[in-house]
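Task: produce atomic coordinates for the following.
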Amino acid sequence: MIKVIFVCLGNICRSPMAEALFRKKIEDAGLTTRIQIDSAGTGDWHLDHPPHEGTRNLLDKKGISYAGQISRQVRADDLQAFDYIICMDASNVTNTKTFGEIGAGNFIGKLSDFVPNATWDDMPDPYFTGDFEETYRLVDQGCDHLLAEIREKHGL
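A predicted model of the protein is given here:
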């Protein structure tokens, strides 16, 4: 089982959007028994909250389920358990590393790391920009490339 966790600041906008969209892509590819997905935040301001209303509205519009998603904070055991720790921006990478030791062979980096010739580096945070559509477009692009990388690397 390959384990992927998406990480952002509060786990209410970007990372739950990525979790829901990546889960749909995994389901569509018939890989739900091969890839486990989760999300978390580096901050604790929104613990136990559902995704942000803007994220929920956009996912509803796209027909993508976020059922059962509740925000949580990164835990030290996540850094050992997840093969791919996919952060939304550079500060998330730095902050995630403060939670503990990264497991041997586990990847930690940004979603943009998987997009060849990306025109973006850090995922814009719609909590501050208000542009959930732009974030969705970039998350979709990043998730496509991440899935392709996982399929190629793990023979799926």
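
Sketch out the strands for the protein, chain order is fine.
With DSSP state E as the criterion, the chain has strands at 2-8, 35-41, 84-87, 107-110.

Show me what the residue nearest to residue 38 when sequence neighbours are not counted is bridged to.
Nearest non-adjacent residue to residue 38, counting by C-beta to C-beta, 6 or more residues apart in numbering: residue 5, 4.7 Å away. C-beta here means a position set from N, CA and C on the backbone, and glycine is covered the same way. Per DSSP bridges, the residues bridged to residue 5 are residue 38, residue 85.

so where's the longest helix in the chain?
Using DSSP state H, we find that the single longest helix of the chain is helix 132-154.

So which bits of that helix are buried?
The neighbour-count check on helix 132-154 (16 or more other C-beta atoms under 10 Å) flags 132, 135, 136, 138, 139, 141, 142, 143, 145, 146, 147, 150 as buried.

any idea how far residue 64 is from residue 114?
For residue 114, the distance to residue 64 (C-beta to C-beta, to the nearest Å) stands at 20 Å.

hmm, back to that, packed most tightly, which of the strands of the chain would that be?
Neighbour counts (mean count of other C-beta atoms under 10 Å) averaged over each of the strands of the chain peak at strand 84-87, with a mean of 26.

Is it possible to get JSON lines of the strands of the chain that adds mean pLDDT and distance to residue 19?
JSON lines is the format used below for the strands of the chain (pLDDT from 0 to 100; distance: least, C-beta to C-beta, whole Å):
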{"stretch": "strand 2-8", "mean pLDDT": "98", "distance to residue 19": "5"}
{"stretch": "strand 35-41", "mean pLDDT": "98", "distance to residue 19": "4"}
{"stretch": "strand 84-87", "mean pLDDT": "98", "distance to residue 19": "10"}
{"stretch": "strand 107-110", "mean pLDDT": "97", "distance to residue 19": "16"}
